[in-house]
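> here is my input, please return the structure:
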Amino acid sequence: MVTGLKFMIQSKTNNIPITNKVLSIQISLNGLSFCILNTKDNSILNIDHKGFNNKVTPVELLDAVKHAFNTKTWLNYSYNTVQVIHCNELATLVPKPLFDESAIADYLKLNSKILKTDYITFDDISVNDTVNVYVPYVNVNNYLYEHFGNFTFKHYSTILIEKILASEKHASGNKMFIHVNATHFEIIITKNGALALYNTFEYQTVEDFIYYILFTAEQLELNPEEIDTVLLGAIRKDDALYTVLYKYIRHIAIDIKIQNNNATGTQKNKHSNVTLLTRF
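From the prediction side, this is the model:
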């Protein structure tokens, strides 16, 4: 059983030598992503995405992971480090001074539908002295543990928040970050470099997308005509989402630096791997 502790990998896969390589695996009920990063020159050696036609169950997700490992030879190499990113809405931020690990389930009950059998863990976010409490896909964790031995894992919102707050360390004023995925998106608001809001929303149409953004701006009393807005994730200027956003919000930029972690290599969409390319 994988615990909440984060370990460096002690590989017990095949004996093909791999040096200076990190394998990143991002798992969600909407798809899987894999990336091999060469840490010596910060280059991408391989990147692969598998989207699902419909949202799957955790059991079906595990089947998809097993299929990937049975069909992609390079996933079975021996890596220096393996890191896993859990992508779901079952997460909440807690100020560290108020955090009590013995009551960890109570934090999620306020915002998420969880089961008594769910395994709950947390990430420390030292940059703003908070704790991210979440439910990982423990069945997938267990499979990967059997495959690789110990590995590191985090919730993807932890990575987003850490990267954005690091980039805004010396910033002033208000800024809105929107991280877009195929079926959901995240909004992160910073005020003078500090985190003011993080939330995730599922959407099906462009109308859903713009409604949640404008509603969030209204609740925080942010003027859409003035707020600096940074786009991350799977969005480009020729997308319908970008078009509708620009209709209502004037100051929009797509941030390449945060997206790609300065990694080099061929990618189908250079705006969709902000969490996958992060080294823990």
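
> go ahead and confirm Ser28 touches Asn88.
Yes: the pair Ser28 / Asn88 is scored as a contact, 6.3 Å apart, by Cβ atoms under 8 Å. For glycine as for every other residue, the C-beta is placed from the backbone atoms N, C-alpha and C.

> among the two, which residue is more densely surrounded?
Ser28 (23 against 20; other Cβ atoms under 10 Å).

> quick one, phi/psi of that one?
phi -150, psi 170 (degrees, to the nearest 10).

> first to last residue in stretch 179-189, what's the distance?
End-to-end distance of stretch 179-189 (Cα to Cα, to the nearest Å): 11 Å.

> for the remainder of this discussion, apply numbering that starts at 152.
Sure, I'll start counting at 152 from here, so that last one is stretch 330-340.

> centre of the chain to that stretch, how far?
In terms of Cα atoms, centre = their mean, to the nearest Å, the centre of stretch 330-340 is set 10 Å apart from its chain centre.

> mean confidence for it?
Averaging pLDDT along stretch 330-340 gives 93.

> list the buried ones in that stretch?
For stretch 330-340, the neighbour count (16 or more other Cβ atoms under 10 Å) marks His330, Val331, Asn332, His335, Phe336, Glu337, Ile338, Ile339, Ile340 as buried.

> now do the residue nearest to Phe352 when sequence neighbours are not counted against Tyr228, distance only.
Sequence neighbours aside, Tyr363 is the residue nearest to Phe352 in space, at 4.4 Å (criterion: Cβ to Cβ, 6 or more residues apart in numbering). Separation of Tyr363 from Tyr228 (Cβ to Cβ, to the nearest Å): 41 Å.

> also Lys326?
With Cβ to Cβ as the criterion, Lys326 and Tyr228 are 40 Å apart.

> these two - which one has more neighbours?
Lys326 (22 against 16).

> what segments of the protein are strands?
Listed in chain order, the strands of the chain (DSSP state E) span 172-179, 182-189, 194-202, 232-237, 242-246, 272-276, 281-285, 303-306, 325-331, 335-342, 345-353, 379-384, 403-405.
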